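Visitor: Provided below for reference: sequence and predicted model.
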Amino acid sequence: MDKIDATELPPDYDPNAFEHPSVSVDVVALTARGKALEVLLIQRSEKPYAGYWAVPGGFVGIEEDLDAVAARKLREKTGVGEAAPFLEQLYTFGKVDRDPRHRVITVAYYALLPAPESGLPNAPTDTPVAGANAAQAQWFDVSDLPPLAFDHAEILAMAIARLQAKLGYTSVAYALLPEEFTLTELQTTYETILARILDKRNFRKKMLSLDILEATGKERRLGAHRPAQLFRWTKREPVFLP
């Protein structure tokens with residue numbers, strides 16, 4: 001039996017027989033700084049939504065993979081020197097009227113990055129790059145946002161909800177913390193993302209029982225308090241929790 005080329009097209013195939021909506025990628029870049037969860041936004045310099053702030057993104061080229069576009073946009077806007085510690089596809093947004101220019105379907109991603117001052121090679125710069133069609137770029141506290149363009153408020157809300165949910169069943173917080181940290185810093189990161197206070201004793205008991213942290217043998221003095229023990233993740237990648 002002759003081998004059949006499954007990708008061969010019929011001779012009368014017309015690639016223009018169907019409409020071709022544009023496809024874009026938008027990336028919600030999040031970092032935790034102190035007690036604030038921050039998101040990177042760019043201010044649009046052109047219509048539509050000139051002057052509005054938006055999640056970084058762009059259109060997908062005909063020869064580009066979605067994941068590659070997301071990684072490139074993140075790198076261009078944040079100055080991340082290495083691959084983001086966490087970058088995941090979030091959702092596809094395709095309401096007919098989401099973009100007043102024409103039919104645009106966007107595939108949203110969200111990225112988790114350590115704070116700029118962490119000094120890690122995959123940390124973003126504190127002075128993000130605006131790039132083409134943008135007046136400026138800036139980190140914003142998610143609790144104090146300007147009006148957002150398109151449906152980006154919905155995209156951001158979904159990214160935060162996804163992150164909050166993931167904290168309950170994975171070790172995804174690793175991507176937001178430096179190499180070494182105290183249990184207080186870890187709890188502060190959780191509280192910042194969840195937007196609620198956690199019981200200190202219960203939190204520490206649970207985290208230390210999961211075999212995802214290990215003591216470094218070092219300590220750090222925080223103000224007038226006694227030195228705090230430093231920990232690190234056993235794996236700097238998402239681990240599903242029992």
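Guide: Perfect, thanks for sending it.
Visitor: would you mark the buried spots in the helix or strand harbouring residue 160?
Guide: Assigned by DSSP states H and E, residue 160 belongs to helix 152-167. Neighbour-count burial for helix 152-167 flags 152, 155-156, 158-160, 163, 166 (criterion: 16 or more other C-beta atoms under 10 Å). (C-beta placed from N, C-alpha, C; glycine too.)
Visitor: what is it packed up against?
Guide: Counting contacts by 3 or more C-beta pairs under 8 Å, 6 or more residues apart in numbering; DSSP states H and E, helix 152-167 is packed against strand 22-33, strand 86-93, strand 104-113, helix 183-194.
Visitor: same thing but at 10 Å, please
Guide: strand 22-33, strand 36-44, strand 53-54, strand 86-93, strand 104-113, helix 183-194 (3 or more C-beta pairs under 10 Å, 6 or more residues apart in numbering; DSSP states H and E).
Visitor: and those, which is most packed in?
Guide: strand 104-113 (a mean of 24; mean count of other C-beta atoms under 10 Å).
Visitor: partner strands of that strand, parallel or antiparallel?
Guide: Partners of strand 104-113 in the sheet, by DSSP bridges, are strand 22-33 (parallel), strand 86-93 (antiparallel).
Visitor: would you turn these into CSV with mean pLDDT and distance to residue 191?
Guide: What follows is those, written out as CSV (pLDDT from 0 to 100; distance: least, C-beta to C-beta, whole Å):
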stretch, mean pLDDT, distance to residue 191
strand 22-33, 96, 10
strand 86-93, 97, 19
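Visitor: which of the buried residues of helix 152-167 lies closest to residue 69?
Guide: Closest approach between these and residue 69, by C-beta to C-beta: residue 155, at 15.6 Å.
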